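Student: curious how this folds, go ahead:
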Amino acid sequence: MIQKPSIPRIVIAGTHSGCGKTTVARGIMEALTRRGYTVQPFKVGPDFIDPTHHSAICRRVSRNLDAFMMGEDGVTEAFRRASAGADIAVIEGVMGMYDGVDGCDLASTAHVMRILSAPALLVADARGMSRSVHALVKGFLEFEPGIKIGGVVFNRIGSPRHRELIEYGRTVPAVGYLPRTPGLEIESRHLGLAMAHETAPTAGLGELMEEHCDIDQVIRIAGEAPPLPAGSTDQQKRSARARIGVAMDEAFCFYYQDNLDLLERSGARLVFFSLSRDEFPDLDAVYIGGGYPELHAAALESSPCKKRIAQAASDGMPVYAECGGLLYLCESLETDMTYRMAGILPADARMTERVVALGYSEGTWSGGPALAPPSGRIIGHEFHYSQVDCRQDARFSITLTRGRGIANGKDGMYSGESLAAYMHAYFPPSFAMSIVDAASAYRRT
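Tutor: Got it, this is the predicted structure:
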């Protein structure tokens, strides 16, 4: 099918991290949903957590748009595919609007705006400022020619007098003045905000946005986005030929929906289960994403799944894991105390007080188990407060050109048919196919 190319779309951009763009994005999504719009949410960058809040509000899976991991064509294709059937797309930006990789434009919010020809609503934190906020906004308007900022939401307004002072001398459309409202912010922890399933819905956020922001103007700005070049969203789906288990619970919840979709198109039937609560299902392979195993280490240690997955891996079942999943496949995990983990990889893991790695990672495949492509590029990102101490005989399947990895520029530790990396990879089709092929081969044996 050919996706309607003219879907209204708006980017919620910010002057800096912490200015309130997540609150504004969530509020606009909720206000539009309450009006009966079918809203397709997106998040610029590699973040796993903000999309869970979008999905809960819009009741459609929020997708990442990351020009570093996906490329410009990949951003456009993912946007078209996910927006099918939606009335409007709301895209939450990342960091400050112009902040990209290594201090340049790549993968910034502004970069994604240009790729999608999408106008922005700029969120400016006016706390502690009056007239000076206009100088800040003027800089964003004029910094990069061709960028379309349709209006501004002035956030954290302290009083009616504060609003009057900002109104004086304003030269750009004010879409909203959002007052300081305790309780709007989502609780944070070491990997960012709390997940949507861990927090209660913010009562009245949509109503607050309707009261203090011009939602009709938001819709008009979104409708000014020009048509995108037409493109096919047809994705041929192969018949299911392997059952791949996806660990999905409070401990393991960091997954790109595009990766899961690609596995299904490559011939996987996905089976979601909990490593901490469920019995081990009948599977041909396992995919364990990132998350918070350190917060659920006791339950993971005592779960019947631990012995079953170790036995399955010993029997040759392919197991692929990322970040938190890597910690689970180690012999032990040290948090407040030391817990025994699955023991599939020759290493011990321990939590650290400070962030060990944060940023994009990139490398090439250099051998390994059947689920690893024999060669090619692999791209993703890493963010963790942990360290993996490997045995001397540890083997690695990824040589990094960017990022920290597990040890000495290496990532993708493997043993038998099990492989785990600190990298949260954005799957290329060749990798998804290798995982399904390996699972299918195990099924036949």
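Student: what residues of the helix or strand hosting Ala25 count as buried?
Tutor: If you go by DSSP states H and E, Ala25 is part of helix 21-34. For helix 21-34, a neighbour-count test (16 or more other CB atoms under 10 Å) marks 21-33 as buried. (Glycine included, C-beta is placed from N, CA and C.)
Student: what's the answer for stretch 276-290, then?
Tutor: For stretch 276-290, by 16+ other CB under 10 Å, it's 276, 280, 283-290.
Student: now the terminal residues of that stretch, how far apart.
Tutor: 14 Å (CA to CA, to the nearest Å).
Student: re the thing from before, what lies in contact with the following helix or strand past the helix holding Ala25?
Tutor: Next in sequence after helix 21-34, counting helices and strands by DSSP H and E, comes strand 39-44. By CB atoms under 8 Å, 6 or more residues apart in numbering, the residues outside strand 39-44 that reach it are 7, 11, 25, 29, 32-33, 50-51, 54-55, 57-58, 60, 62-66, 79, 82-83, 86-94, 107-109, 112.
Student: among those residues, which are in helices?
Tutor: Judged by DSSP state H, the contacts of strand 39-44 include 25, 29, 32-33, 50-51, 54-55, 57-58, 79, 82-83, 109, 112 as members of helices.
Student: and of the residues you listed, the nearest to Lys410?
Tutor: Top of the list for closeness to Lys410, among the ones in helices among the contacts of strand 39-44 and by CB to CB, is Pro51 at 29.8 Å.
Student: roughly how far apart are Tyr333 and Gly324?
Tutor: For the record, residue 333 is Leu, not Tyr. Remark: distance between Leu333 and Gly324 (CB to CB, to the nearest Å) = 10 Å.
Student: so these two - more neighbours on which side?
Tutor: Taking other CB atoms under 10 Å, Leu333 and Gly324 do not tie; Gly324 has more neighbours (29 against 25).
Student: what about the buried residues of stretch 276-290, which are in helices?
Tutor: Going by DSSP H, the helices hold none of the buried residues of stretch 276-290.
Student: nearest to His16 among these?
Tutor: In terms of CB to CB, no member of the buried residues of stretch 276-290 lies closer to His16 than Gly290, at 26.0 Å.
Student: quick check: neighbours of the host helix or strand of Gly151 in the sheet, parallel or antiparallel?
Tutor: Here Gly151, judged by DSSP H and E, is contained in strand 149-157. Note on strand 149-157: by DSSP bridges, its sheet partners are strand 120-125 (parallel), strand 174-179 (parallel).
Student: Leu65 bridge partners, please.
Tutor: With DSSP bridges as the criterion, Leu65 is bridged to Val44.
Student: burial of it, as a residue count?
Tutor: Using other CB under 10 Å, Leu65 has 29 neighbouring residues.
Student: just checking, it touches Glu77?
Tutor: No - judged on CB atoms under 8 Å, Leu65 makes no contact with Glu77 at a distance of 10.5 Å.
Student: quick one, grab the pLDDT at the closest residue in space to Cys213 that isn't next to it in sequence.
Tutor: Distances taken as CB to CB, 6 or more residues apart in numbering place Gly176 nearest to Cys213, at 3.0 Å, with adjacent residues excluded. Looking at Gly176, its pLDDT reads 96.
Student: cool, Ser418 as well?
Tutor: pLDDT at Ser418 comes out at 98.
Student: the nearest residue to it once chain neighbours are set aside pairs with what?
Tutor: Closest residue to Ser418 in three dimensions, ignoring its sequence neighbours and counting by CB to CB, 6+ apart: Val319, at 4.0 Å. When assigned by DSSP bridges, Val319 has beta-bridge partners Val286, Ser418.
Student: the protein: helices as residue ranges?
Tutor: With DSSP H as the criterion, the chain has helices at 21-34, 50-58, 67-83, 109-116, 132-143, 160-167, 205-212, 215-223, 257-265, 297-302, 305-314, 324-329, 429-444.
Student: out of those, deepest packed?
Tutor: helix 324-329 (a mean of 29; mean count of other CB atoms under 10 Å).
Student: pull it out as PDB, backbone CA atoms only.
Tutor: Extracted in PDB, the C-alpha atoms of helix 324-329 (Å, rounded to 0.1, in the frame of the first residue of the first chain):
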ATOM      1  CA  GLY A 324      21.000  -5.900  31.000                       C
ATOM      2  CA  GLY A 325      20.600  -9.200  29.200                       C
ATOM      3  CA  LEU A 326      24.400  -9.500  29.100                       C
ATOM      4  CA  LEU A 327      24.500  -9.100  32.900                       C
ATOM      5  CA  TYR A 328      21.900 -11.900  33.200                       C
ATOM      6  CA  LEU A 329      24.000 -14.300  31.000                       C
END
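Student: before we move on, back to that, between the strands paired with strand 149-157, which one is closest to Gly405.
Tutor: Among the strands paired with strand 149-157, strand 120-125 sits nearest to Gly405 (CB to CB), with 35.0 Å.
Student: give the contact list for the closest residue to Thr401 other than its chain neighbours.
Tutor: The spatially closest residue to Thr401, leaving aside those adjacent along the chain, is Glu362, at 5.4 Å (CB to CB, 6+ apart). Counting by CB under 8 Å, 6+ apart, Glu362 touches 377-380, 400-403.
Student: reformat those residues as JSON lines; add pLDDT.
Tutor: Output for those, formatted as JSON lines (pLDDT from 0 to 100):
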{"residue": "Arg377", "pLDDT": "95"}
{"residue": "Ile378", "pLDDT": "97"}
{"residue": "Ile379", "pLDDT": "98"}
{"residue": "Gly380", "pLDDT": "98"}
{"residue": "Leu400", "pLDDT": "97"}
{"residue": "Thr401", "pLDDT": "97"}
{"residue": "Arg402", "pLDDT": "97"}
{"residue": "Gly403", "pLDDT": "96"}
